[in-house]
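Novice: give me coordinates for this.
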Amino acid sequence: MFELKPLHPEAVTAALEKANRYRLLNEPGAAESIYLDILAIEPENQEALINIVLAMSDRFGKDYAVGDARVAEYLTRIKDDYSRSYYTGIMYERRAKASLAKGGVGAYELFRQAMDCFETAEAMRPVGNDDAILRWNGCARVIKTNALAPRDMPHDFLE
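Specialist: Coordinates of the predicted model:
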């Protein structure tokens, strides 16, 4: 139907700035579109990969259909182990918060997955960077404040 027009390579820096601004203006869909344009010509652009993950996860609580597999596709392309663990944790944390806002089913488990990722990131964090600890503590506080607990999974009677 329509063939997308490619960005010029020299326009990437300005496009990143524009997309980041759209994220700050709470327009994650517009930001995501720009990050996709950037990744079309620079598939390994680490800033665009990290920020598309953030833009997609910004949409979790807004009733947009953004699947975890789609986000995971970009997470796996982040080269730095610390960043990949940290931003995977953010994805789980945001999914947990969206779940909590819709009744909380599975929120505890999602927060725990986020906390596991933050612990992995913490173990390899750069000196002076305690972002993973701050996120872990934030998840722990949400769990405590909302009295979240693991779901009771019924045992299959065929066991």
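Novice: just give me how far whichever helix or strand R95 is part of sits from the chain centre.
Specialist: When secondary structure is defined by DSSP states H and E, R95 falls within helix 81-101. In terms of Cα atoms, centre = their mean, to the nearest Å, the centre of helix 81-101 is found 5 Å from the chain centre.
Novice: stretch 97-104 now?
Specialist: 16 Å.
Novice: which residues touch that stretch?
Specialist: 60-61, 105-107, 110, 142, 146, 148 (Cβ atoms under 8 Å, 6 or more residues apart in numbering). (Each C-beta comes from the backbone N, C-alpha and C, glycine too.)
Novice: in terms of secondary structure, what does the following helix or strand past the helix holding R95 contact?
Specialist: Next helix or strand after helix 81-101 toward the C-terminus (DSSP H and E): helix 107-123. Judged by 3 or more Cβ pairs under 8 Å, 6 or more residues apart in numbering; DSSP states H and E, helix 107-123 is in contact with helix 81-101, helix 131-145.
Novice: the first one vs helix 107-123, what angle?
Specialist: I take that to be helix 81-101. 160 degrees (axes from the mean of the first three to the mean of the last three Cα atoms, to 10 degrees).
Novice: got the angle for helix 81-101 vs helix 131-145?
Specialist: Using the same axes, to 10 degrees: helix 81-101 against helix 131-145 is 20 degrees.
Novice: for helix 81-101, C-alpha coordinates in PDB please.
Specialist: What follows is helix 81-101, C-alpha atoms only, in PDB (Å, rounded to 0.1, in the frame of the first residue of the first chain):
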ATOM      1  CA  ASP A  81      24.400  -6.900  29.500                       C
ATOM      2  CA  TYR A  82      23.700  -4.400  32.300                       C
ATOM      3  CA  SER A  83      21.400  -2.300  30.000                       C
ATOM      4  CA  ARG A  84      19.600  -5.300  28.700                       C
ATOM      5  CA  SER A  85      18.900  -6.600  32.300                       C
ATOM      6  CA  TYR A  86      18.000  -3.100  33.500                       C
ATOM      7  CA  TYR A  87      15.600  -2.300  30.700                       C
ATOM      8  CA  THR A  88      14.000  -5.800  30.800                       C
ATOM      9  CA  GLY A  89      13.300  -5.100  34.400                       C
ATOM     10  CA  ILE A  90      11.700  -1.800  33.500                       C
ATOM     11  CA  MET A  91       9.500  -3.600  31.000                       C
ATOM     12  CA  TYR A  92       8.300  -6.100  33.600                       C
ATOM     13  CA  GLU A  93       7.800  -3.300  36.200                       C
ATOM     14  CA  ARG A  94       5.700  -1.300  33.800                       C
ATOM     15  CA  ARG A  95       3.700  -4.400  32.800                       C
ATOM     16  CA  ALA A  96       3.100  -5.000  36.500                       C
ATOM     17  CA  LYS A  97       1.900  -1.500  37.100                       C
ATOM     18  CA  ALA A  98      -0.500  -1.800  34.200                       C
ATOM     19  CA  SER A  99      -1.700  -5.100  35.600                       C
ATOM     20  CA  LEU A 100      -2.100  -3.500  39.100                       C
ATOM     21  CA  ALA A 101      -4.200  -0.700  37.600                       C
END
